[in-house]
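**Q** Turn this into a model:
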Amino acid sequence: MQTTAVATASDIAMSSFPGNKALKRGAWVIQNLPSHSGVEFRICHLCSQISCTVSSCDVTEDFENQIPYDQPVTLLVFGLQGQTRFRFADGSAECVVREGDVWLINTVGAPIQRHTPGRTHARMAVLKYSTARINEAFTEEDDIHQLLDQNRIVRLARQQPLDKRVARIMDNPMQSPSSRILAEAKALEILAHWVTTADSSNLHHDGQPDDEPSPRSQALKQVIAHLISDLTRAPSLQDLARASGISHTCLNRHFRKQYGMTVFEWFRAHKLERAQKYLADEQRSITDIAHQCGFSSASHFGQCFKKQYGCSPAQYREQQGPSE
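**A** Down below sits the predicted model:
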């Protein structure tokens, strides 16, 4: 279902507010900004207290807008492409959402300002929850309850492959009651995963766009740079540990805290994401892609790809259709 846009980006953002009755529950609605060609919002209410917005911003000039929230709302923001800056209007906290980032933004009623630079293509998926609904699951003594009791911006992960559960919500056509119930359940599962498995130190650290990276964060970046420098030759965990100055046990633990997975789980997900992009090029054979992305054989690649994306590489390529 597609509709003609309403007036402003703020109006559109408010239309995706959990509990808004103007938007039919379970129906995806696409809204564009007549004043900003290239700005599109795809919105769906999963239930009365949870909504999902997938925004796409492909503009020649900087795009800015202020989003008013008069009720407590908790946002999980997943960066898909490019970058966008969010900040509270009073300047108390801000963040830059980049591809692979996961941020939690909680507002108890303060407006949020968005800035997307021109001449870039920025996409993100945002799950919006009624904070009152979330707090029903926690006691006042819980760290998470305290976090959601004030305006906060918290980084939950960076350089993270898109959560498969988020992708399933984005791909869900919402055409039946069972599919809508499944989407609601996935949204709650996603929330439970990200707010309860986050590094506890992050829960009390407001995001700043120019944070000085910690030594641990710098070490993990070095590990990632080493991993992706040659996908066909994976170093051993011991080699990575020596290069980063962290024991291999601590390295896996820090990786799990930062990215939600071990070193080689992250590496496999990265290779599969790269392979997924290569599949768009029909001149590349699946066997070549498998070898270029460091898989021992096309068969092994196919097994890993199907486990990650639910279909074989050939099926995925067919679903995408011929390239333009």
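
**Q** Please settle this for me: is residue 75 part of a helix?
**A** No. Counting by DSSP: H, G, I helix; E, B strand; the rest coil, residue 75 falls outside a helix, being strand.

**Q** Skipping adjacent residues, who's closest to it in space?
**A** Once flanking residues are discounted, residue 75 sits nearest to residue 105: 4.3 Å by Cβ to Cβ, 6 or more residues apart in numbering. Every residue, glycine included, has its C-beta placed from N, CA and C.

**Q** what's the burial count for that neighbour?
**A** Neighbour count of residue 105, defined by other Cβ atoms under 10 Å: 24.

**Q** Could you pull up the residues touching it?
**A** 74, 75, 77, 86, 95, 112, 152, 153, 154 (Cβ atoms under 8 Å, 6 or more residues apart in numbering).

**Q** Partner strands of whichever helix or strand the fourth one is part of and their direction?
**A** Pointing back at residue 86 there. In the assignment (DSSP states H and E), residue 86 maps to strand 83-88. The pairing partners recorded for strand 83-88 under DSSP bridges are strand 94-98 (antiparallel), strand 112-116 (antiparallel).

**Q** Helix, strand, or coil at residue 51?
**A** Once three-state DSSP is applied, residue 51 turns out strand.

**Q** Kindly provide the distance from it to residue 103.
**A** Distance, residue 51 to residue 103, by Cβ to Cβ, to the nearest Å: 17 Å.

**Q** Quick one: the strands in the stretch 101-250 of the chain, in order.
**A** Secondary structure of the stretch 101-250 of the chain by DSSP state E, counting those that start in this stretch: the strands cover 102-107, 112-116, 120-130, 152-157.

**Q** which one of the strands paired with strand 83-88 lies closest to residue 270?
**A** Residue 270 lies closest, by Cβ to Cβ, to one member of the strands paired with strand 83-88: strand 94-98, at 15.4 Å.

**Q** For the closest one, buried residues please.
**A** For strand 94-98, burial by neighbour count (16 or more other Cβ atoms under 10 Å) applies to 94, 95, 96, 97, 98.

**Q** if we take those residues, which one ends up nearest to residue 231?
**A** residue 98 (21.4 Å).

**Q** May I ask you to confirm that the closest one is in contact with residue 77?
**A** No. Using Cβ atoms under 8 Å, residue 98 makes no contact with residue 77, being 10.7 Å away.

**Q** To residue 279, which of the strands paired with strand 83-88 lies closest?
**A** Smallest distance to residue 279 across those (Cβ to Cβ): 23.8 Å, for strand 94-98.

**Q** Centroid-nearest residue for the protein?
**A** Most central in the chain under Cα atoms, centre = their mean is residue 78, positioned 2.0 Å from the mean C-alpha point.

**Q** which residues pair with the closest residue in space to that residue that isn't next to it in sequence across the strands?
**A** By the measure of Cβ to Cβ, 6+ apart, the closest residue to residue 78 outside its immediate chain neighbours is residue 125, 4.6 Å from it. Residue 125 forms beta bridges with residue 54, residue 78, as assigned by DSSP bridges.

**Q** what sits up against the helix or strand hosting residue 288?
**A** Residue 288 is located in helix 286-292, with elements delineated by DSSP H and E. Contacts to helix 286-292, defined as Cβ under 8 Å, 6+ apart, come from residues 231-232, 275, 278-279, 284, 297-298, 300-302, 313-314, 317.

**Q** okay if I get those residues as TSV plus neighbour count, pLDDT and secondary structure?
**A** TSV is the format used below for the contacts of helix 286-292 (neighbours: other Cβ atoms under 10 Å; pLDDT from 0 to 100; DSSP: H, G, I helix; E, B strand; the rest coil):
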residue	neighbour count	pLDDT	secondary structure
231	17	84	coil
232	10	83	coil
275	25	91	helix
278	17	86	helix
279	19	90	coil
284	14	84	coil
297	11	93	coil
298	18	93	helix
300	11	94	helix
301	23	95	helix
302	18	95	helix
313	23	94	helix
314	13	94	helix
317	21	90	helix
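
**Q** Which of the residues you listed sits closest to residue 163?
**A** Nearest to residue 163 among those, counting by Cβ to Cβ, is residue 275 at 18.5 Å.

**Q** Make TSV out of the strands paired with strand 83-88 and add distance to residue 26.
**A** Shown next, in TSV, are those (distance: least, Cβ to Cβ, whole Å):
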stretch	distance to residue 26
strand 94-98	27
strand 112-116	26
